[in-house]
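**Student:** model this:
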Amino acid sequence: MNQRNSHQGSGEQIRLRLPKRNSNEMFAIAEQLMGGSRMNVVCADGKSRLARIPGRMKRRARVRAGDLLIVVPWEIQDGKADVIYRYTKTQSRILSRRNLLPENLDVF
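**Tutor:** Predicted coordinates for the structure are as follows:
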């Protein structure tokens, strides 16, 4: 029997993607949808940015106001960012319970 399968009954391990600090990724919350795959987000550093959903993610993830996201601010314009990942509500609650979210974004 595989070791992974033998431990499933004792506290299930759920792997969640976290922002990579060396790639300038950070948590953000979608504040207001603007249309045209753009939205206002509040980032972990306290700034409000205009974020866009890139084409490769547009078909996979529907982003709503209040969703927890991972964004990457643009190097050229700090007021803009790209959305990299969207968490489900369940994943957001798990991150909140594990105290992995910054204080200013922990609304779950």
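
**Student:** just the pLDDT at the residue nearest to the spatial centre of the chain, thanks.
**Tutor:** For the chain, residue 69 is the residue whose C-alpha lies nearest the centre (CA atoms, centre = their mean; 2.2 Å). pLDDT for residue 69: 92.

**Student:** what do you get for residue 54?
**Tutor:** Per-residue pLDDT puts residue 54 at 86.

**Student:** for the closest residue to it other than its chain neighbours, give me its contacts.
**Tutor:** Excluding the flanking residues, the one nearest residue 54 by CB to CB, 6 or more residues apart in numbering is residue 82, at 5.8 Å. Heads up, the C-betas are built off the backbone N, CA and C, glycines and all. The contact partners of residue 82, by CB atoms under 8 Å, 6 or more residues apart in numbering, come to 51, 52, 54, 71, 72, 74.

**Student:** mind saving the C-alpha coords of the host helix or strand of residue 82 as CSV?
**Tutor:** Here residue 82, judged by DSSP states H and E, is contained in strand 80-86. Extracted in CSV, the C-alpha atoms of strand 80-86 (Å, rounded to 0.1, in the frame of the first residue of the first chain):
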residue,chain,number,x,y,z
LYS,A,80,-2.0,47.8,-13.2
ALA,A,81,-1.7,44.0,-12.7
ASP,A,82,-2.4,40.6,-14.3
VAL,A,83,-4.5,38.0,-12.7
ILE,A,84,-2.6,34.7,-12.4
TYR,A,85,-4.9,32.5,-10.3
ARG,A,86,-8.4,32.5,-8.7
